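1. Curious how this folds, go ahead:
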Amino acid sequence: MGRQYERCTDCDNCANIAKSRRAWRVRIAAGVDQELLGLTDGESRRVLEERRREHATAEAEHLA
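-> So this is what the prediction gives:
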């Protein structure tokens, strides 16, 4: 299981990571809302989680 930096905001680096990840979550959610109008709440959550996972995977591969 990965470390959740959002819980450690004592240092500038962790605070920046948390801020960046929150911004990505907001962008992904806005994209899902805009692209897929008319989805039920359940479908919207499923697509949102899928896109967040895809983004997290791409971020992890980039850092590896």
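2. In terms of helices and strands, where is the residue lying farthest from the centre of the chain?
-> Residue farthest from the centre of the chain, counting by C-alpha atoms, centre = their mean, is Gly38 at 21.8 Å. Under DSSP states H and E, no helix or strand contains Gly38.
3. got the CA coordinates for stretch 36-51 in CSV?
-> Taking C-alpha atoms only, stretch 36-51 is exported to CSV below (Å, rounded to 0.1, in the frame of the first residue of the first chain):
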residue,chain,number,x,y,z
LEU,A,36,-20.3,12.2,-19.4
LEU,A,37,-23.4,14.2,-18.7
GLY,A,38,-26.4,12.1,-17.7
LEU,A,39,-24.6,9.3,-15.8
THR,A,40,-26.2,8.0,-12.7
ASP,A,41,-24.3,8.8,-9.4
GLY,A,42,-23.1,5.2,-9.3
GLU,A,43,-21.8,5.2,-12.9
SER,A,44,-20.2,8.6,-12.4
ARG,A,45,-18.4,7.4,-9.2
ARG,A,46,-17.2,4.3,-11.1
VAL,A,47,-15.8,6.3,-14.0
LEU,A,48,-14.2,8.8,-11.6
GLU,A,49,-12.5,6.1,-9.6
GLU,A,50,-11.3,4.4,-12.8
ARG,A,51,-9.8,7.7,-14.1
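4. Just read off the phi/psi values of the residue nearest the centre of the chain.
-> Residue closest to the mean C-alpha point of the chain, counted by C-alpha atoms, centre = their mean, is Arg25 at 3.6 Å. Main-chain dihedrals, Arg25, degrees, to the nearest 10: phi -60, psi -40.
5. Kindly provide the distance from it to Arg51.
-> Separation of Arg25 from Arg51 (C-beta to C-beta, to the nearest Å): 10 Å. Any C-beta I mention is one placed from the backbone N, CA and C, and that applies to glycine too.
6. So what's the residue count around Ala30?
-> Burial measure for Ala30: 10 neighbouring residues, criterion other C-beta atoms under 10 Å.
7. Kindly report the same for Ile28.
-> By other C-beta under 10 Å, 18 other residues sit near Ile28.
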